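Asks: Starting from these lines, generate the structure:
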Amino acid sequence: MSEKKESGSGKFVLGAIFGAIAGTVAGVVLAPKSGEETRKDLKDGGDKLVNEAKKKTSKWFKRGKKEVKKLEAETRSSVEEKKKEVAEKVAEKKSEKKSEKKDEK
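Replies: Residues are numbered from 1 along each chain as shown. Below you'll find the predicted structure:
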């Protein structure tokens, strides 16, 4: 379920970015402004897009880092459980071998 949300939000963000670009281009083409004003508007629009992208990537990076830490903890836990299981099986096998040797004597 969370994969669908992330995928949907990613598509939304891309749509918003492309919409902002399209709006900026349309505004530049249709607005009767001087070159200086147009350049300032383009710069401001670009700055807004860069800031938005930085915020989103920072958010995604933090979320990813959190998930990696969670998976790391789960993996460590699983590994520790498996180590215990293997150690118990080895101890059982050793015990069986000792009792077999005693029975042979």
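Asks: And the most centrally placed residue in the chain, what's its pLDDT?
Replies: The residue lying closest to the centre of the chain (CA atoms, centre = their mean) is residue 64, at 3.1 Å. Looking at residue 64, its pLDDT is 92.
Asks: And the helix or strand where residue 77 lies, how far out from the chain middle?
Replies: Assigning secondary structure by DSSP states H and E places residue 77 in helix 35-104. Counting by CA atoms, centre = their mean, to the nearest Å, helix 35-104 is centred 10 Å from the centre of its parent chain.
Asks: from here on, count from 28
Replies: In the new count, where the first residue is 28, that last one comes out as helix 62-131.
Asks: Who are the packing partners of it?
Replies: helix 29-57 (3 or more CB pairs under 8 Å, 6 or more residues apart in numbering; DSSP states H and E). Using the backbone N, CA and C atoms, a C-beta is placed for each residue, glycine as well.
Asks: name the helices or strands packed onto the helix it packs on?
Replies: Using 3+ CB pairs under 8 Å, 6+ apart, helix 29-57 is in contact with helix 62-131.
Asks: ok so, going back, from residue 121, how far off is the residue nearest to the centre of the chain?
Replies: As judged by CB to CB, to the nearest Å, residue 91 and residue 121 stand 44 Å apart.
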